[in-house]
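[1] just the structure for this:
(one chain, ligands or ions: 2)
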Amino acid sequence: MATKAMERPGKDDKKADTIVEVIVEEHAKLRSLFDRLEAIVEQDRDGRRSLWAETRKELLAHHEAEEESLFDTLVQTSKDARHESLHAISEHGEHKKLIEQMEDLSPDADDWEEKLAELRHDVFHHLEEEEEDVLPIVAEVLSKDEARTLAAKYREVHS
Ligand SMILES: [Fe+2]
Ligand SMILES: [Fe+2]
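    Ligands and ions are numbered 1, 2, ... in the order given. Down below sits the predicted model:
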């Protein structure tokens, strides 16, 4: 095990190390799911159902894990961090409401497609805001060790 302890996460270790890296990686996964969904939504009715189930699950799991790891800690740090965190959490709530509205519609309906487009727009805007406004704050208010601990917490909640 001594050898293992000497290993440093580096170019050969693809696992994200800090909460910032985890979130960037998870956002890429979510964008890819929404992009795949948009690409098939017109032609593949069965495909849209299963891809939607996966996208919905991943989005909700991301929001929950992000709240219980990153935002739970950030709200206790600076005023800016608290403000940005509460804003992000309120947007998570808006996404959940849209998802609930979609659940009340048939995935074959035009209304459902419109809601999906709205959700995609809102989610993409949200991810960009977090990357531009929240993640830079993390480097200011948390140590590298704290950022690593939050990455572990994120994975624990998300699994
Ligand atoms: Fe978020
Ligand atoms: Fe996020």
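
[2] which residues in the chain form helices?
    2-6, 19-40, 45-66, 72-74, 79-103, 110-129, 135-141, 144-158 (DSSP state H).

[3] deepest in the core, which of the ones you listed is it.
    Highest mean neighbour count of the helices of the chain: helix 72-74, a mean of 20 (counted as mean count of other CB atoms under 10 Å). Glycine gets a C-beta too; all of them are placed from N, C-alpha and C.

[4] which helices and strands does that helix pack with?
    helix 79-103, helix 135-141 (3 or more CB pairs under 8 Å, 6 or more residues apart in numbering; DSSP states H and E).

[5] can you list these in JSON lines and add distance to L150 and mean pLDDT?
    Listed next are the helices and strands packed on helix 72-74 as JSON lines, based on distance: least, CB to CB, whole Å; pLDDT from 0 to 100:
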{"stretch": "helix 79-103", "distance to L150": "13", "mean pLDDT": "97"}
{"stretch": "helix 135-141", "distance to L150": "8", "mean pLDDT": "93"}
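
[6] closest to E129 out of those?
    E129 sits nearest to helix 79-103 of all the helices and strands packed on helix 72-74, at 7.4 Å, using CB to CB.
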